[in-house]
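S.K.: A structural model of the following input is requested.
(one chain, ligands or ions: 1)
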Amino acid sequence: MSSNLRGNWNYPTTIWAGPGRIAELPEACAKAGILRPLIVTDEGLAKAPMISSARAALENSAVFSAVRGNPASSHVEAGLEAYHAGHHDGVVAFGGGSALDAGKVVAFMSGQSRPLWDFEDIGDWWTRADPKGIAPVVAVPTTAGTGSEVGRAGVILNEETHQKKIIFHPLMMPRIVISDPELTVGLPRAVTAATGIDAFVHCFEAFCAPGFHPLADGVALEGMRLIHRYLPRACANGKDIEARAQMLAAASMGATAFQKGLGGVHAIAHPVGSWFNTHHGLTNAIILPYVVRFNRAAIAEKTDVITRVLDLPVRGFDGFVQWLLDWRRELEIPHSLAEIGVHLDNSSVIGHEASIDPSAGGNPVPVTPAQFEHIFRAAVLGQLDTIEPHS
Ligand SMILES: [Zn+2]
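M.R.: Below you'll find the model as predicted:
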């Protein structure tokens, strides 16, 4: 067992990692220049002792907790109202991906005069923002999955169009991250598994994305190795601090790596989450093998590398897929989207929206809307064999 799980890292931002480091939250706020923090968290965490402790430790703080899974623009607007009403000067974003994304977007929007959708991650739209109007963020992840704590974007649902939009600005990167594994010990097994596989998918899709980015590839490979090794341990025993610490690091590594790009799994998971309000990590965990099979020809060499780094019993593409299916079953991830309430009614809409999702551009091979629809339908029905690998 590794005896030292503490570290101060400076890429991609300042990260204070280690058990018990939440005690340094007041220092983190001071360093980030936040005197009147708004603590943004979700409804589920609002009553947790870690939130009342944070509130007590931070002078002049208030809590905004009206954030749900798949946060929408209405949550951001309510957060902004609380932010301005309390004359806050920064955000402590506390929670899983939804709360972190909402908190980051509230801080970003706090000093902007243009509407939220003007800052969607398209071309150079981020240059429309006034950088002086972006408030600092201290991020405290309580799940090991999204890696939003080291991301420069927030995913927000447009309730009118039912589309998830990525709001991006380089300065949305939190100033300081407190990565304390003790905050994740209470996560139920199912959430640990779903969020952990999301982190794996970030590493996997980044590694398989085309483009020259050896820095991201290296981070992604080590992230996959850590998740392969420690996610089953974190699921078996939620109090395993070493496994929790390694998973938190791997989650941050996934989001660091996916600056290179994501791929077809996320392209489908985004519209599925928008239409069916499914859990993001769980959705990705179910979809992953369907997209892997479709991408077969383009990722044969890369899956060979992954099976060697993970030291899997059978090397190469087939060994990877076999391991993936077994691993998913062990972690009690369903095999079909139907099992989490997704149906086929608007499958052509899902196919179209997946094809225009920003993640689609990172898929190793181009995917047409009809092909996305086909992969989605196979995933709903649990019919992996019906997917013809792209040649
Ligand atoms: Zn994800």
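S.K.: which residues are contacting the helix or strand bottoming out on mean pLDDT in the chain?
M.R.: Among the helices and strands of the chain, strand 163-168 carries the lowest confidence by mean pLDDT, DSSP states H and E, at a mean of 91. For strand 163-168, contacts defined as C-beta atoms under 8 Å, 6 or more residues apart in numbering pick out 70, 105, 108, 116-117, 119-121, 125-126, 152-158, 270-271, 273-274, 353, 358. C-beta here means a position set from N, CA and C on the backbone, and glycine is covered the same way.
S.K.: buried subset of those residues?
M.R.: 70, 105, 108, 116, 119-121, 125-126, 152-157, 270-271, 273-274, 353, 358 (16 or more other C-beta atoms under 10 Å).
S.K.: residue ranges with poor pLDDT in this structure?
M.R.: Along the chain, segments meeting pLDDT under 70 span 1-3.
S.K.: what ranges do the helices span in it?
M.R.: For the chain, applying DSSP state H gives helices covering 25-32, 49-57, 73-85, 97-109, 189-208, 214-236, 241-257, 264-276, 280-294, 296-309, 316-330, 347-356, 369-381.
S.K.: buried sites along the longest one?
M.R.: Which is helix 214-236. Buried-residue list, helix 214-236, by 16+ other C-beta under 10 Å: 216-217, 219-228, 230-232, 234-235.
S.K.: helices or strands up against that helix?
M.R.: Taking 3 or more C-beta pairs under 8 Å, 6 or more residues apart in numbering; DSSP states H and E as contact, the helices and strands that helix 214-236 lies on are helix 189-208, helix 241-257, helix 296-309, helix 316-330.
S.K.: List the contacts of it.
M.R.: Taking C-beta under 8 Å, 6+ apart as the rule, helix 214-236 contacts 144, 189, 192-193, 196-197, 199-200, 202-204, 206-207, 240, 242-244, 246-247, 249-250, 253-254, 256-260, 305-306, 309-310, 327, 330-331.
S.K.: Now the buried members of these.
M.R.: Among these, those classed as buried by 16+ other C-beta under 10 Å are 144, 192-193, 196-197, 199-200, 202-204, 206-207, 240, 242-244, 246-247, 249-250, 253-254, 256-258, 260, 306, 310, 327, 331.
S.K.: end to end, how far does stretch 358-366 reach?
M.R.: In stretch 358-366, first residue to last residue: 13 Å (C-alpha to C-alpha, to the nearest Å).
S.K.: can you give me the strands in the stretch 1-150 of the chain?
M.R.: Using DSSP state E, counting those that start in this stretch, the strands found in the stretch 1-150 of the chain span residues 7-9, 14-17, 37-40, 62-64, 90-95, 137-141.
S.K.: now those in JSON lines, with mean neighbour count and distance to A379?
M.R.: Listed next are the strands of the stretch 1-150 of the chain as JSON lines, based on neighbours: other C-beta atoms under 10 Å; distance: least, C-beta to C-beta, whole Å:
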{"stretch": "strand 7-9", "mean neighbour count": "13", "distance to A379": "36"}
{"stretch": "strand 14-17", "mean neighbour count": "20", "distance to A379": "34"}
{"stretch": "strand 37-40", "mean neighbour count": "29", "distance to A379": "33"}
{"stretch": "strand 62-64", "mean neighbour count": "20", "distance to A379": "35"}
{"stretch": "strand 90-95", "mean neighbour count": "28", "distance to A379": "28"}
{"stretch": "strand 137-141", "mean neighbour count": "29", "distance to A379": "28"}
